[in-house]
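[1] sequence and computational prediction follow.
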Number of protein chains: 2
Amino acid sequence: MTAPSPEHPALEMQMELDADLHRSVDRLKATHNGLWDMATYAMGWSGEGAGPETTGKRLRPLLCLLVCGCCGADWRAALPPACAVELIHSFSLIHDDIQDGDATRRGRPAVWKLHGSAQAINVGDAIFTIAFSVLAESKSDLAAEWLRILSGTCLRLTYGQFLDLTYEDAQRITLGEYQEMIEGKTAALVEAACRLGAISAGASAERLDAFARFGRALGLAFQIQDDFLGVWGDPKVTGKANASDLLARKKSLPILYGLERSEKFRSLLAAELSPASIPPLLAELAACGAREHTLALSRKWIDQAFESLNAAQPLGEYKPALETLAQALLERRK
Amino acid sequence: MTAPSPEHPALEMQMELDADLHRSVDRLKATHNGLWDMATYAMGWSGEGAGPETTGKRLRPLLCLLVCGCCGADWRAALPPACAVELIHSFSLIHDDIQDGDATRRGRPAVWKLHGSAQAINVGDAIFTIAFSVLAESKSDLAAEWLRILSGTCLRLTYGQFLDLTYEDAQRITLGEYQEMIEGKTAALVEAACRLGAISAGASAERLDAFARFGRALGLAFQIQDDFLGVWGDPKVTGKANASDLLARKKSLPILYGLERSEKFRSLLAAELSPASIPPLLAELAACGAREHTLALSRKWIDQAFESLNAAQPLGEYKPALETLAQALLERRK
């Protein structure tokens, strides 16, 4: 094992994380082979087109490991919770795609599209279980504490998903309700990744709190930027259709803001939508302040993320890598 | 707190178990109210027609508590895993009903029928999570060990469900494949209930093994009797239609046996089915030995259950209650 090179400070992390993730899912291989096949597809490792694009960026587990390293401990101490966090993320994507009817995930058919909803529910359940197994079988003194945090986080996730599904049929969603939803759907797991990393390092209560606040702010900023890009993102960069969230009437931040503040936007969005509807809708979102509000809120959470990161006083050789990762997350264009 | 009366040795257990189950699900009440509503319906406590019939019999957690008591310990030591086992059972029913398209559960609409599949997946995920939370938050020294067993059991459950779903589209299922499926779908959780009860009592390795074997045999016998009743049960007692599994071509033990052994049964079952098809199908199942085989296998597991129970040498005041519960499970008519 060599020291991480300065050019790729997180490269060794990524390799060990990937090996551990494989090991955790491979427990299905010997005795549960058919289920293992579906799980490796869901993790992005197998099936047509499998490659770096289909595994995702493993942002949450890398955050977990980097935070652990930045608390001055060996980041390997956080490998079990890092794996668990990524497995929970994968599980939630599998079930979300069924619930939302999304046929595509990372450029390939979603699990339910390939194997049917019934098996996809089951693969999700299996990966969820493995996340808990990884921690329960870790033999670490921290196992019970990790499990307490992970299960609490999963409850926040399911509640966020519950709200998201409920909002689909709702006439009117307030900005406060939107905030409650993204706290569960997006911020909870990013916050948990950071919290678990700090706990694994035996960080002080103050540093732990600062890293948890950093994670939450990062998650919220990330989601709000996602909402921004769903309306104003460059299709050539995002790979999505122009203003796709507008045409889908998705209850994202700028759209909810427009619905709350502008009678004109409400009537424009209530009409039948086509690509020709986009320019007047965009004009009204700008006029009523929705664009500005979205950017301001995103900026607020970015500032809070970096403020908390400073308060956490990250240490040592992994500090630049953590800052780079946060920067990349917060300056996304897609 | 009074000593259990001899007439109702498990009554106090049931009351404390129910209180703990309520407490565990009520963690959703304050902050996750809408999700809590759906969860209490799924647990059988709320909604139209809620009553003793809709909660189920809580057999698995009672087994867990009785085994703990029969190892000479205070059965309250096993309350957290008993709750967790029942929550896992509830979660699996919610997802199973979606997967199988079963619209009715315990005489009421299944959760998915009432709230849609998307929310039902999510309520299942929430109850699944709570099962792990109950153990992780128990502050018991046994928490990590309980969680290890529970997560291993859930993996066996999801594998059993995977096989069951796979078999639906399969041309031919061997009796060995059938056995593998019910080991996961039915036996794993009953075995875990007994194992967790014995572990909570700090039982010796020998007694623990004997109780685990007892649980497995009980689960297998229970499932095979269920299969028997699906073909030969008295509709007046079971509440199901006459020979319902035959008409649904369910891949249950007697039907798989008939398909494997009798050309005549194969062709009878391949034809269009109506109530008039039942007498010749039943006659052929008897002629080819399927009925006898099902009864013999059920008898085998019942014998093994009682043999293991004897080997476990249950102690004290809860021994009669455990024997009565096992007897009731093994002499079911519905």
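    Happy to help now that I have it.
[2] what comes into contact with the helix or strand hosting A:Gln179?
    Per DSSP states H and E: A:Gln179 is located in helix A:175-182. Contact with helix A:175-182 is made by A:160, A:163-164, A:167, A:219-220, A:223-224, A:251, A:253, A:256-257, A:260, as judged by Cβ atoms under 8 Å, 6 or more residues apart in numbering or on different chains. For glycine as for every other residue, the C-beta is placed from the backbone atoms N, C-alpha and C.
[3] could you dump those residues to a markdown table with pLDDT, secondary structure and distance to B:Val134?
    Supplementary listing: those in a markdown table, determined by pLDDT from 0 to 100; DSSP: H, G, I helix; E, B strand; the rest coil; distance: Cβ to Cβ, whole Å:
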| residue | pLDDT | secondary structure | distance to B:Val134 |
| --- | --- | --- | --- |
| A:Gly160 | 95 | helix | 21 |
| A:Leu163 | 94 | helix | 24 |
| A:Asp164 | 93 | helix | 26 |
| A:Tyr167 | 91 | helix | 29 |
| A:Gly219 | 96 | helix | 27 |
| A:Leu220 | 97 | helix | 30 |
| A:Gln223 | 94 | helix | 30 |
| A:Ile224 | 95 | helix | 35 |
| A:Lys251 | 90 | coil | 33 |
| A:Leu253 | 96 | helix | 36 |
| A:Leu256 | 95 | helix | 36 |
| A:Tyr257 | 96 | helix | 40 |
| A:Glu260 | 94 | helix | 40 |
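[4] relative to B:Leu281, which of these is nearest.
    A:Asp164 (48.1 Å; Cβ to Cβ).
[5] that closest one is in contact with A:Glu183, isn't it?
    No: using Cβ atoms under 8 Å, A:Asp164 makes no contact with A:Glu183, being 11.6 Å away.
[6] what sits against the residue in the stretch 201-334 of chain A that chain B sits nearest to?
    In the stretch 201-334 of chain A, the residue that lies nearest chain B is A:Lys251 (15.0 Å; Cβ to the nearest Cβ). Contact partners of A:Lys251, counting by Cβ under 8 Å, 6+ apart, are A:Tyr167, A:Glu168, A:Ile173, A:Tyr178.
[7] residue closest to the middle of chain A?
    A:Thr186 (5.4 Å; Cα atoms, centre = their mean).
[8] that one: what's it in contact with?
    A:Gly160, A:Gly219, A:Leu220, A:Phe222, A:Gln223.
[9] please repeat the previous calculation with a cut-off of 7 Å.
    A:Thr186 makes contact with A:Gly219, A:Phe222, A:Gln223, according to Cβ atoms under 7 Å, 6 or more residues apart in numbering or on different chains.
[10] most surrounded residue in those residues?
    A:Gly219 (27 neighbours; other Cβ atoms under 10 Å in any protein chain shown).
[11] re earlier: and the average pLDDT for the helix holding A:Gln179 is what?
    Helix A:175-182 comes out with an average pLDDT of 95.
[12] any buried residues in it, and which?
    A:Tyr178, A:Glu180, A:Met181, A:Ile182 (16 or more other Cβ atoms under 10 Å in any protein chain shown).
[13] ok, then the element right after it?
    Moving toward the C-terminus from helix A:175-182, the next element (DSSP H and E) is helix A:188-200.
[14] now that next one: average pLDDT?
    Helix A:188-200 comes out at a mean pLDDT of 98.
[15] and it, what does it pack against?
    Contacts defined by 3 or more Cβ pairs under 7 Å, 6 or more residues apart in numbering or on different chains; DSSP states H and E place helix A:188-200 against helix A:59-70, helix A:79-100, helix A:143-168, helix A:205-232.
[16] list the contacts of the next helix or strand along the chain from the second one.
    Per DSSP H and E, the first helix or strand lying C-terminal to helix A:79-100 is strand A:104-105. Around strand A:104-105, the neighbours that count as contacts under Cβ under 7 Å, 6+ apart are A:Leu93, A:Asp97, A:Ala110.
[17] kindly recompute the last result at 6 Å.
    Applying Cβ atoms under 6 Å, 6 or more residues apart in numbering or on different chains, the contact partners of strand A:104-105 are A:Asp97.
[18] run the chain-centre distance for it.
    15 Å (Cα atoms, centre = their mean, to the nearest Å).
[19] and the residue of the stretch 201-334 of chain A closest to chain B, how far from A:Leu269?
    11 Å (Cβ to Cβ, to the nearest Å).
[20] same check, this time on A:Ile199
    For A:Ile199, the distance to A:Leu269 - Cβ to Cβ - is 44 Å.
[21] the two: which has the busier surroundings?
    Comparing A:Ile199 with A:Leu269 by other Cβ under 10 Å, the one with more neighbours is A:Ile199, at 23 against 19.
[22] can you tell me how far that one is from chain B?
    14 Å (Cβ to the nearest Cβ, to the nearest Å).
[23] near chain B, which residues of the stretch 1-150 of chain A?
    A:32, A:35, A:95, A:99, A:118-119, A:121-122, A:125-126, A:129, A:132-133, A:136-137, A:143-144, A:147-148 (Cβ under 6 Å from any Cβ of the partner chain).
[24] again, but for the stretch 151-300 of chain A
    Going by Cβ under 6 Å from any Cβ, the residues of the stretch 151-300 of chain A near chain B are A:Ser151, A:Cys154, A:Leu155, A:Thr158, A:Tyr159, A:Gln161, A:Phe162, A:Leu165.
[25] quick one: which of these is most hemmed in?
    A:Thr158 (29 neighbours).
[26] isn't that one right up against B:Ile127?
    No: under the criterion of Cβ atoms under 6 Å, A:Thr158 is not in contact with B:Ile127, lying 9.2 Å apart.
[27] now do the buried residues in the helix or strand bottoming out on mean pLDDT in chain A.
    Every helix and strand of chain A was ranked by mean pLDDT, DSSP states H and E. The lowest is helix A:235-238, at a mean of 79. Of the residues in helix A:235-238, those buried under the neighbour-count criterion (16+ other Cβ under 10 Å) are A:Thr238.
[28] following that helix, which helix or strand comes up?
    Next along from helix A:235-238, by DSSP H and E: helix A:244-247.
[29] only C-alpha atoms, please: export that following helix in CSV.
    Extracted in CSV, the C-alpha atoms of helix A:244-247 (Å, rounded to 0.1, in the frame of the first residue of the first chain):
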residue,chain,number,x,y,z
SER,A,244,-37.4,19.6,-19.0
ASP,A,245,-38.7,20.2,-15.5
LEU,A,246,-41.0,23.0,-16.8
LEU,A,247,-42.5,20.8,-19.4
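[30] which other helices and strands contact it?
    When contacts are defined as 3 or more Cβ pairs under 6 Å, 6 or more residues apart in numbering or on different chains; DSSP states H and E, helix A:244-247 sits against helix A:205-232.
[31] ok, now with 10 Å
    helix A:205-232, helix A:253-261, helix A:263-270, helix A:278-287 (3 or more Cβ pairs under 10 Å, 6 or more residues apart in numbering or on different chains; DSSP states H and E).
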